[in-house]
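> Model the structure of this input:
(one chain, ligands or ions: 1)
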Amino acid sequence: MLIRVKLQRQVRQICFLLNQPGVSQRRTLHLKMAARAKFFDSTISTKGEFMRKDSSFRNWITADGSSGFKAEGDRYHLYVSLACPWAHRTLIVRKLKGLEDIIPYTVVDWLMGEKGWNFTDKKPKCSPDPLFNARYVRELYFKANPDYEGRFTVPMLWDKKNSTIVTNESSEIIQMFNSEFNDFCATPEQKELDLYPEHLKAQVDGVNEWIYNDINNGVYKSGFARSQEAYYKAVTQLFASLDRVEEILSKTRYLTGNQLTLADIRLFTTLVRFDPVYVGHFKCNKKRIMDYPNLWGYTRDVYQTPGVAETVDREHIEKHYQQSHTSINPFAIVAIGPELDFNLPHNRDKMTKA
Ligand SMILES: N[C@@H](CCC(=O)N[C@@H](CS)C(=O)NCC(=O)O)C(=O)O
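Next up is the predicted model:
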């Protein structure tokens, strides 16, 4: 007993000397760190590199229903975060294709805590889960599969008919929205709009590959790097690929020519977050997008495409990253950010006629 008391006193003294929290605080801290370590164990390599895991639900909706998931009304519900670049892609294609009535959506809280995304009605544009009144997005994943062991990500497309997740992979959701819901588009022009046309497919897939790896995911690989070497590798590749895009955009209005495609939408959602968040928060600060004349003009061009601006929410974007990633921004202070006017004239429409 005496030994235990002595030991406790010694621990308290050591804690005091090291200016460490007390026993119960240390236990909470330890649990928090363990939870974080578990997350990072699965996403950080031994070299300190961030590795994104593949999405887990990969069903396809088809116009004719041959896949078991038919494109139809009052069936699908989209869960998104307005902060998330992957979810943002789905909102843009939904908007451009005029699917607002057929695909309703719910926005989660911008703040992501230990249990992942949650629902709230206390923040602008957020609302409670309309289907199950769930508190967390993870509950929906467990409804779809009680043994689910993957990440609880957005975007996520829910099928009300089969009470399951169709897919949680944005690159596939945007393909389905582009081609499988044509009978439901609001206007004939939106039905006609093809963001992944047959004759450009190979080119779109070609740019997507390196843009995904080096830019869309490159900002995360830079920001979540756990070693100098991993950071340097990711950030160098990121800026080499931004230079490559700058060169392409000096010749054509969009990535694959004079027509907006899914490749542009996928790149845009990263570019629009770059100067306000990735430059500071993810240390992608060799240059800003504003410093690249073509990339900056192109970002404004896509932003000013009718329907796109209303999908961009700077409050959700800026608060989410800087307040949720406490491992890289421990005091959760949201930076003032640069003054950015996405509405400045871009003059890139002139390139189409050249
Ligand atoms: N490959 C997925 C990635 C989606 C993704 O990583 N979403 C992030 C938000 S930006 C998320 O929900 N993260 C939650 C988590 O990892 O727990 C896609 O493109 O849809």
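
> Hmm, D194 is touching Q175, no?
No: judged on C-beta atoms under 8 Å, D194 makes no contact with Q175 at a distance of 11.2 Å. All C-beta atoms are positioned from the backbone trio N, CA, C, and that covers glycine.

> Now do stretch 76-86: distance from first to last residue.
18 Å (C-alpha to C-alpha, to the nearest Å).

> Sorry, wrong one. I was asking about stretch 146-158.
15 Å.

> and it, anywhere near the ligand?
Yes: Stretch 146-158 reaches the ligand (C-beta under 6 Å from any ligand atom) through 151-155.

> from those residues, which single one is nearest Y141?
Taking C-beta to C-beta as the measure, F152 is the one of the residues of stretch 146-158 next to the ligand closest to Y141, at 5.2 Å.

> interface residues of the protein facing the ligand?
55, 81, 84, 86, 116, 151-155, 168-171.

> Which of the residues you listed sits closest to F142?
Looking across those and measuring by C-beta to C-beta, the closest to F142 is F152, at 9.0 Å.

> What does the closest one show for phi and psi?
According to degrees, to the nearest 10, the main-chain angles of F152 amount to phi -100, psi 80.

> What of the one 10 residues further on?
With angles defined as degrees, to the nearest 10, N162 shows backbone torsions of phi -100, psi 0.

> Which residues are in contact with it?
68-69 (C-beta atoms under 8 Å, 6 or more residues apart in numbering).

> Please repeat the previous calculation with a cut-off of 10 Å.
59, 68-69, 75, 144 (C-beta atoms under 10 Å, 6 or more residues apart in numbering).

> number of nearby residues for the residue of the stretch 251-354 of the chain at minimum distance from the ligand?
Nearest residue of the stretch 251-354 of the chain to the ligand, counting by C-beta to the nearest ligand atom: H320, 8.2 Å away. Close neighbours of H320, defined as other C-beta atoms under 10 Å, add up to 24.

> Next: E192.
9.

> Hmm, it is touching N178, no?
No: using C-beta atoms under 10 Å, E192 is not in contact with N178, being 11.8 Å away.

> tell me the helices in the stretch 101-250 of the chain, going along the chain?
Assigned by DSSP state H, counting those that start in this stretch, the helices in the stretch 101-250 of the chain fall at 137-144, 170-179, 188-192, 201-210, 218-223, 228-249.

> For the residue nearest to N258 when sequence neighbours are not counted, which residues are in contact?
Spatially, and ignoring its direct neighbours in sequence, N258 is nearest to T352 (4.6 Å; C-beta to C-beta, 6 or more residues apart in numbering). Residues in contact with T352 (C-beta under 10 Å, 6+ apart) are 252-254, 257-259.

> So what's the gap between stretch 120-131 and the chain middle?
19 Å (C-alpha atoms, centre = their mean, to the nearest Å).

> Pull out the buried positions in it.
126, 129 (16 or more other C-beta atoms under 10 Å).

> Quick check: end-to-end length of it?
Taking C-alpha to C-alpha, stretch 120-131 runs 14 Å from one end to the other.

> Residues contacting that stretch, please?
With contact meaning C-beta under 10 Å, 6+ apart, stretch 120-131 is reached by 77, 79, 81-82, 104-111, 118-119, 134-137, 139-140, 143, 158, 160, 163, 313, 315-316, 319.

> let's go with 7 Å and repeat that
77, 82, 106-110, 119, 158, 160, 313, 315 (C-beta atoms under 7 Å, 6 or more residues apart in numbering).
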